[in-house]
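Peer 1: No letters, just coordinates:
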């Protein structure tokens with residue numbers, strides 16, 4: 001039997017358990033159990049989930065559902081160790097320092113990297129300042145604690161693998177982390193990380209809504225398992241990784257992972273077409289009084305907004321290329337229309353302050369660069385502006401979560417004489433476009449048009 005290797009994953013949410021854990025489970029099913037997962041969390045918000053998983057020896061049921069309503073159930077067995085949380089992340093440190101741990105992977109969402117629009121570490125963020133003083137609020141603070149211990153115990157190489165929707169995610173995480181170590185004056189660790197780790201870029205894809213109580217009920221009815229930690233997702237799944245693992249890797253290609261030299265074509269298509277469109281639909285659906293992504297996508301006006309954004313602005317910006325982007329657009333919209341997933345607008349609408357600069361602004365800039373006014377793309381930040389205005393007025397139907405939002409500053413923006421001007425002039429959101437009068441004028445026209453659409457759709461006037 002091959003020597004056991006551990007894939008330690010930071011981030012115990014639904015996505016990891018429906019995506020990366022599924023791929024390693026498929027290898028185990030094939031008879032290759034040389035890699036297993038140790039799962040933990042940096043923050044205390046998953047303690048109850050981790051305890052429930054530990055009580056089930058890391059096993060849980062994954063329910064997948066196709067657009068036709070075909071539900072399938074698999075018991076995922078790749079999580080062999082559940083790392084109990086404490087304020088010092090003791091078990092993460094111990095496992096991460098162990099030589100058997102050859103990959104440290106993580107899912108923390110876009111806002112969890114604390115990067116400016118120029119992709120530099122935002123050292124003004126309160127969590128980053130706290131971690132520079134020795135606390136553990138962010139991925140950077142956690143990895144500093146983990147890798148410092150690993151270095152002290154002999155320093156075996158390890159791959160640091162990003163599994164988030166961040167453009168050039170491996171490179172940008174790595175630059176942010178090294179910048180953090182430099183600011184923290186961790187000179188020896190900086191040198192060690194530079195030499196003894198790699199950070200491949202990746203592209204991950206599977207829609208995984210937050211599990212609701214009915215998932216466990218269906219799991220019990222279909223399998224007989226009284227699962228206290230089930231997860232569900234769509235039947236579609238994809239994972240593309242640059243093959244740059246410094247300490248070995250699982251035979252992921254045998255489970256359907258695409259190992260490539262560069263993920264760029266897949267990454268750009270996914271971030272600009274799938275991720276940005278997903279958020280567009282969530283913001284528009286919320287404004288239209290809808291709760292779910294599937295019903296929002298089936299609303300003709302919202303579907304048209306998404307279709308126009310991709311067709312008129314994104315595809316020309318990414319052409320020529322190696323992928324059939326029109327086909328990808330149609331597959332994405334079909335996936336979003338799946339009536340059985342019941343993914344919420346609340347979940348997808350989150351973290352817009354990171355999504356606009358990361359997913360939308362590059363297309364806006366590319367359109368202007370080729371002499372094309374991005375009327376279709378301007379709809380996305382205009383929707384987000386109206387969405388945030390609802391937030392400022394206390395009129396959203398749910399709690400909005402955004403990892404980089406400073407509520408007092410955002411409330412002050414909407415209390416200013418011209419909130420749209422202040423929003424559009426925000427360099428953190430729009431970069432060089434923040435200073436272009438043509439972009440300001442386009443946004444003003446687009447917001448006015450969308451205000452009319454919302455009023456017509458809901459029958460209620462929008463209050464400015």
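Peer 2: Received it, and whenever you're ready, just let me know what you need. Since this is a predicted model, take the numbers as computed values, not measurements. Residues are numbered from 1 along each chain as shown.

Peer 1: By mean pLDDT, flag the weakest helix or strand of the chain.
Peer 2: Each helix and strand of the chain was given a mean pLDDT (mean pLDDT, DSSP states H and E); the minimum falls on helix 264-269 at a mean of 93.

Peer 1: Give me the buried positions along that helix.
Peer 2: Across helix 264-269, burial judged by 16 or more other Cβ atoms under 10 Å covers 264, 265, 266, 267, 268, 269. To be clear about C-beta, it is placed using only N, CA and C from the backbone, and glycine gets the same treatment.

Peer 1: gap between the helix ranked longest in the chain and the chain center?
Peer 2: Counting residues, the longest helix in the chain under DSSP state H turns out to be helix 437-458. From the chain centre to the centre of helix 437-458 is a distance of 28 Å (Cα atoms, centre = their mean, to the nearest Å).

Peer 1: I'd like the mean pLDDT over it, please.
Peer 2: What helix 437-458 shows for mean pLDDT is 97.

Peer 1: Ok, stretch 33-41 next?
Peer 2: pLDDT averaged over stretch 33-41 gives 97.

Peer 1: Next, residue 238: phi, psi?
Peer 2: phi -150, psi 140 (degrees, to the nearest 10).

Peer 1: Enumerate every residue touching it.
Peer 2: 203, 204, 205, 206, 258, 266 (Cβ atoms under 8 Å, 6 or more residues apart in numbering).

Peer 1: same thing but 7 Å
Peer 2: Taking Cβ atoms under 7 Å, 6 or more residues apart in numbering, we find residue 238 in contact with residue 205.

Peer 1: and it, what pLDDT?
Peer 2: 96.

Peer 1: Confirm residue 320 sits in a helix?
Peer 2: No - going by DSSP: H, G, I helix; E, B strand; the rest coil, the assignment for residue 320 is coil, not a helix.

Peer 1: Quickly check the buried residues of helix 264-269 for the two that are furthest apart.
Peer 2: For the buried residues of helix 264-269, the farthest-apart pair by Cβ to Cβ is 264 and 269; their separation is 9.5 Å.

Peer 1: Sketch out the strands for the protein, chain order is fine.
Peer 2: Using DSSP state E, the strands of the chain run over residues 5-10, 35-40, 60-65, 71-76, 79-82, 101-106, 158-162, 197-198, 202-205, 231-234, 238-242, 258-260.

Peer 1: would you turn the ones you listed into a markdown table with distance to residue 130?
Peer 2: Formatted as a markdown table, the strands of the chain follow (distance: least, Cβ to Cβ, whole Å):
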| stretch | distance to residue 130 |
| --- | --- |
| strand 5-10 | 18 |
| strand 35-40 | 20 |
| strand 60-65 | 33 |
| strand 71-76 | 34 |
| strand 79-82 | 27 |
| strand 101-106 | 19 |
| strand 158-162 | 22 |
| strand 197-198 | 24 |
| strand 202-205 | 28 |
| strand 231-234 | 31 |
| strand 238-242 | 32 |
| strand 258-260 | 37 |
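
Peer 1: Just tell me which of those strands ends up closest to residue 308.
Peer 2: strand 202-205 (22.7 Å).

Peer 1: how far out from the middle of the chain is the closest one?
Peer 2: 10 Å.

Peer 1: Equivalent analysis for stretch 44-64, please.
Peer 2: 20 Å.

Peer 1: What ranges does the stretch 251-400 of the chain have for its helices?
Peer 2: Ranges of helices within the stretch 251-400 of the chain are 264-269, 276-287, 293-298, 300-308, 315-318, 325-336, 345-349, 352-355, 361-369, 375-392, based on DSSP state H, counting those that start in this stretch.

Peer 1: Break the protein down into its domains, please.
Peer 2: 5-260, 264-458 (automatic domain parsing).

Peer 1: distance between the ends of the last one?
Peer 2: So the one you mean is domain 264-458. This stretch, domain 264-458, spans 40 Å end to end (Cα to Cα, to the nearest Å).

Peer 1: do the longest one as well
Peer 2: Between the opening and closing residues of domain 5-260 we find a distance of 22 Å, counting by Cα to Cα.

Peer 1: Nearest spatial neighbour of residue 125, chain-adjacent residues omitted?
Peer 2: What sits nearest to residue 125 in space, not counting adjacent residues and going by Cβ to Cβ, 6 or more residues apart in numbering, is residue 114, at 4.9 Å.

Peer 1: Please look at that neighbour and residue 120 and confirm they touch.
Peer 2: No - Residue 114 lies out of contact with residue 120 (Cβ atoms under 7 Å); the separation is 9.7 Å.

Peer 1: Neighbour count: the two, which is higher?
Peer 2: residue 114 (26 against 13; other Cβ atoms under 10 Å).

Peer 1: Same question for stretch 113-126: list its buried residues.
Peer 2: 113, 114, 115, 117, 119, 121, 122, 125.

Peer 1: Please identify which of the helices of the stretch 251-400 of the chain is closest to residue 404.
Peer 2: If we rank those by Cβ to Cβ, the stretch that ends up nearest is helix 352-355, at 5.1 Å.

Peer 1: tell me the mean pLDDT over that closest one?
Peer 2: 95.

Peer 1: same check, this time on stretch 380-393
Peer 2: 98.

Peer 1: Give me the residue ranges of the stretch 301-450 of the chain where confidence is low.
Peer 2: Along the stretch 301-450 of the chain, no part satisfies pLDDT under 70.

Peer 1: ok, the residue nearest to residue 40 when sequence neighbours are not counted - contacts?
Peer 2: Nearest non-adjacent residue to residue 40, counting by Cβ to Cβ, 6+ apart: residue 83, 3.2 Å away. The contact partners of residue 83, taken as Cβ under 7 Å, 6+ apart, are 38, 39, 40, 91, 92, 95.

Peer 1: isn't the fourth one right up against residue 84?
Peer 2: Yes - judged on Cβ under 7 Å, residue 91 makes contact with residue 84 at a distance of 5.3 Å.

Peer 1: Neighbour count: the two, which is higher?
Peer 2: residue 91 (17 against 14).

Peer 1: Contacts only, for the more buried one.
Peer 2: Listed by Cβ under 7 Å, 6+ apart, the contact partners of residue 91 are 40, 83, 84.

Peer 1: Now for the last one: which residues touch it?
Peer 2: So that's residue 84. Neighbour list for residue 84: 50, 91 [criterion: Cβ under 7 Å, 6+ apart].

Peer 1: one more time with 10 Å
Peer 2: By Cβ atoms under 10 Å, 6 or more residues apart in numbering, the residues touching residue 84 are 40, 41, 47, 50, 51, 54, 90, 91, 92.

Peer 1: Local confidence estimate at it?
Peer 2: If you check residue 84, the pLDDT there is 97.

Peer 1: Against residue 149, how distant is it?
Peer 2: 17 Å (Cβ to Cβ, to the nearest Å).

Peer 1: Likewise for the second one?
Peer 2: Taking Cβ to Cβ as the criterion, residue 83 is separated from residue 149 by 14 Å.

Peer 1: Residues that sit against both of those two, list them.
Peer 2: Common contacts of residue 83 and residue 149 (Cβ under 10 Å, 6+ apart): 92, 93, 94, 96.
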